[in-house]
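>>> structural data only, the sequence is not supplied:
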């Protein structure tokens, strides 16, 4: 049967094919094989693949964190049991018709740590591999995120703190700013520190949800304090920093990256870590409503909920159903300023200092108000205008992402952001800023502002 | 090795064990085995399991919809490849330590249809089995839902229509009421009919998201028109009706039941069906924020998104970001009536005819307003009071589900509903109704109203 599949090929193409099989298998095993035996031994990866001459059979060498024979043998049994599934998946993914028959073996050529170090020397490790290696080796670890921490940052830090502590490591959670009101119920939320002891020293520092060192703030400690700096980020545009910069714009949130790290290291996700990961997912996917809510995000949510660690409503209620009355009063006042422009394709809302004073609200209460402007039927782009702190007008822009690239429009006005959400600060008073923004948006509607993406 | 596991047991306990293995395997194969070969032949189920004397080995007979040898053989190969995984999962789920070694075989004792019929005679089929059988046999199928169709009802109908049409069947989508404005973009949305031809006759009728025949409305056709009536429902409390009543309160939405039917029959989910299923999920889980968003719901979402059939934001935007301006103006006016009671644990909002007229809104625009009352920090239960159509006051109640069972409170006031969402109609004017409701809720806060659940 396999005779028709024999291909004559040179040694180089054979090696390329083996490498492709290795990479694809590593991905499929990590994401699709659910057999707990396979992951219990801390499967690190597929270290190499040996193909026979006609490509009909492959011996696959895998490496483990565990140094015990029992779990390793069980993991190999699990892989053998999944080999039929892996073979057919491989064939489909690589588009090579019939994939080689797979047999699995433990790679005994090196202890994992030595092996990882060797691969570094070969410069063949991905940033993710190196991040995992740093985290695995470090004992005292500082956790940090960008200024004005949000659900993804805080949730990822909490998840990491729980995972690290379960491994006997010592995490320290650092933020110069306050943990947001609606996240204070999270495990470890009361363990965040705003300053570090003068003699504090860490083996490593993990910075989450930060794609630009400028967003770290002035209190971020010096290199002699941080140790090796690993940044975990998922923004499309970024300015790499630190010793290891992991960036995956396909990750819905940094929580997804944390879950990948736990899976790679064979670390069990605790209930506390699950709460942090779910908050991270909910915060950055708009409760699974944005386009970044991909299959990996939904699978992770299924895993956390299925384990009984997370009740979505309990999380949602704490995050989103603890609205101060002042916020609703401010929303009502802001909706009273609603104006449509450009035949109903633009919507403007305003909040003034006077409105704030009238309803005894704070600026924090204005968060999310701009989304109401975008949400109107027929509106392509919603805008909220507020007084800027240093004078002038702060412009928040939310586009439905079709006719208008908000990031491109705001970039022209000296600001920046994404296609869907952007902002800038303009000189002058509210009516002046309103005219400038409306002109820029009308130009964009007429096709004068090309998309930046 | 297995010697220590030999158990001496009578024939009856052996049979019980085989039956337990059969049921558990059927569930695991349906939900956990992803190998497409296994499902391509239309695996109907595990028909029987034969255990050897010491329980160390089991022969598992499976039946298929497909009558072709090729797909059946491939499915058996897939099951063999997964047997190690299935064995370990089985052992864990049944808590029996080492599960028997599994071999799989095709059950040739009967054609599937005959076999299903035979099982009916034995009265051993579940309502779900029978629903699947009715749907498989029928050619002309009427689809219906409760009066005032919502996202779950319409989404499930659309998904069924697409699936049935892919199989060469003829679906008719029926609703006496209009498809909601925010769902009109769905495939088939313009194919809904509000009346049937006088001589219309159907092999079967599938009623989705309806747990009570009273909710069907006066236009629901007579038995000689409907043919066999299958009801697919997921409400905790219900009054069964029709020929086959499928009810699973663990299903997040009826879309989940539709997906189970498609999986059971080996029907591929099309892009159009995926849109309907995702709408059903989003509508009934509050965009994956309610407690009913379980692992099955998240897994289904992952499948639909992973297949590239659904962009969550495209769905969300069409469902929730097409708000008429009048709705926001009404929301602003309603928030202006906000009153707290019982030390901030109760929140009341009102909408009057005058407010509606002032902002040129319709009653449809008041949908969702009550959630703002519940969302306030410290509030246990939010209430919206509006004039009832036939006189008196309509009370909408939303509880955070902790201190107050809204369903129990409303039941005492002559209405009903769930712990989280309920309603009733009271005589008198708004201030009178407000007093009655507040008294009832204060009594509930003081523990005088036991939970109904």
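Arrived safely, thanks for sending. Being a predicted model, the structure only gives us computed values, none of them experimental.
>>> now do the end-to-end distance for stretch A:246-266.
19 Å (CA to CA, to the nearest Å).
>>> to clarify, my last question referred to stretch A:412-430.
Across stretch A:412-430, first to last residue, CA to CA, it's 19 Å.
>>> try stretch A:397-417
OK, stretch A:397-417 end separation, CA to CA: 9 Å.
>>> quick one: residue A:382 and chain B, what's the gap?
10 Å (CB to the nearest CB, to the nearest Å). Yep, even glycine has a C-beta here, placed from its N, CA and C like the rest.
>>> cool, residue A:149 as well?
According to CB to the nearest CB, residue A:149 stands 20 Å off from chain B.
>>> one more: residue A:366?
Taken as CB to the nearest CB, the span from residue A:366 to chain B is 15 Å.
>>> just list the residues touching the residue nearest to that residue when sequence neighbours are not counted, thanks.
Distances taken as CB to CB, 6 or more residues apart in numbering or on different chains place residue A:351 nearest to residue A:366, at 5.3 Å, with adjacent residues excluded. When contacts are counted by CB atoms under 8 Å, 6 or more residues apart in numbering or on different chains, residue A:351 touches A:330, A:333, A:334, A:337, A:366, A:369, A:384, A:385, A:386.
>>> please redo it, this time with the cut-off set to 10 Å
A:330-331, A:333-334, A:337, A:361, A:363, A:365-366, A:369-370, A:384-387, A:394, A:430 (CB atoms under 10 Å, 6 or more residues apart in numbering or on different chains).
>>> same deal with residue A:339?
Applying CB under 10 Å, 6+ apart, the residues contacting residue A:339 are A:346, A:347, A:348, A:349, A:350, A:373, A:383, A:434, A:438.
>>> show me which of those are buried.
A:346, A:347, A:348, A:349, A:350, A:373, A:383, A:434, A:438 (16 or more other CB atoms under 10 Å in any protein chain shown).
>>> from the residues you listed, which ones fall inside strands?
Mapping the buried ones among the contacts of residue A:339 onto strands (DSSP state E) picks out A:346, A:347, A:348, A:349, A:350, A:383.
>>> can you redo those as CSV with pLDDT?
Listed next are those as CSV, based on pLDDT from 0 to 100:
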residue, pLDDT
A:346, 97
A:347, 97
A:348, 98
A:349, 97
A:350, 97
A:383, 98
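>>> most widely separated two among those?
Greatest spacing in these, by CB to CB: A:346 and A:350 (13.6 Å).
>>> start to end distance for stretch A:372-380?
Terminal-residue distance, stretch A:372-380 (CA to CA): 12 Å.
>>> how about it, does it reach chain B?
Yes: counting by CB under 10 Å from any CB of the partner chain, chain B is contacted by stretch A:372-380 at A:372, A:373, A:374, A:375, A:376, A:377, A:378, A:379.
>>> now do the buried residues in that stretch.
A:372, A:373, A:374, A:375, A:376, A:379, A:380.
>>> save those residues as TSV, and put in pLDDT and distance to residue B:144 too.
Converted to TSV, the buried residues of stretch A:372-380 look like this (pLDDT from 0 to 100; distance: CB to CB, whole Å):
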residue	pLDDT	distance to residue B:144
A:372	94	36
A:373	95	38
A:374	94	36
A:375	92	31
A:376	93	33
A:379	95	35
A:380	95	37
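>>> how near is the closest residue to residue A:251 other than its chain neighbours to residue A:258?
Spatial nearest neighbour of residue A:251, excluding adjacent residues (CB to CB, 6+ apart): residue A:234 at 4.2 Å. According to CB to CB, to the nearest Å, residue A:234 stands 11 Å off from residue A:258.
>>> residue A:37 too?
23 Å.
>>> is residue A:40 in contact with residue A:73, as I believe?
No: with contact defined as CB atoms under 10 Å, residue A:40 does not reach residue A:73; the gap is 11.2 Å.
>>> show me where the stretch 101-250 of chain A has helices.
Under the criterion DSSP state H, counting those that start in this stretch, helices of the stretch 101-250 of chain A are mapped to A:112-121, A:127-137, A:151-166, A:223-226.
>>> how about the strands in the stretch 51-200 of chain A?
A:57-64, A:101-106, A:140-145, A:170-173 (DSSP state E, counting those that start in this stretch).
>>> do the helix ranked longest in chain A and chain B meet at all?
The longest helix of chain A (DSSP state H) is helix A:11-32. Yes: Helix A:11-32 lies within reach of chain B by CB under 10 Å from any CB, at residue A:32.
>>> and the closest residue to residue A:337 other than its chain neighbours, how far from residue A:409?
Residue nearest to residue A:337 in three dimensions, not counting chain neighbours: residue A:350, with 4.5 Å by CB to CB, 6+ apart. According to CB to CB, residue A:350 stands 18 Å off from residue A:409.
>>> hmm, residue A:210 and residue A:144 touching each other?
Yes: when contacts are counted by CB under 10 Å, residue A:144 is listed as touching residue A:210 (7.8 Å).
>>> give me the common contacts of the two.
With CB under 10 Å, 6+ apart, residue A:144 and residue A:210 have common neighbours A:153, A:216, A:220, A:231.
>>> care to break chain A down by domain?
A:2-110, A:127-320, A:325-445 (automatic domain parsing).
>>> what's the closest of those domains to residue B:296?
That would be domain A:127-320 among those, by CB to CB, at 7.9 Å.
>>> and the closest one, how far from the chain's centre?
9 Å (CA atoms, centre = their mean, to the nearest Å).
>>> figure out the length between the terminal residues of it.
End residues of domain A:127-320 are separated by 35 Å (CA to CA).
>>> that older thread, for the residues of stretch A:372-380 next to chain B, work out which two are farthest apart.
Once CB to CB is applied, these give A:372 and A:378 as the farthest pair, at 14.2 Å.
>>> now distance to residue B:227 too, for the ones in strands among the buried ones among the contacts of residue A:339, in TSV please.
Formatted as TSV, those follow (distance: CB to CB, whole Å):
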residue	distance to residue B:227
A:346	52
A:347	50
A:348	55
A:349	54
A:350	59
A:383	55
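>>> nearest to chain B among those residues?
residue A:347 (8.3 Å; CB to the nearest CB).
>>> my read is that the closest one contacts residue A:382, right?
Yes: checked against CB under 10 Å, the pair residue A:347 and residue A:382 is within contact range at 4.7 Å.
>>> just for the stretch 201-350 of chain A, where's the confidence low?
For the stretch 201-350 of chain A, applying pLDDT under 70 flags no range at all.
>>> show me where it has its strands.
A:204-208, A:228-233, A:244-247, A:339-341, A:346-350.
>>> okay, those strands, which one's buried deepest?
Highest mean neighbour count of these: strand A:204-208, a mean of 27 (counted as mean count of other CB atoms under 10 Å in any protein chain shown).
>>> helices or strands up against it?
Counting contacts by 3 or more CB pairs under 10 Å, 6 or more residues apart in numbering or on different chains; DSSP states H and E, strand A:204-208 is packed against helix A:127-137, strand A:140-145, helix A:151-166, helix A:223-226, strand A:228-233, strand A:244-247, helix A:254-265.
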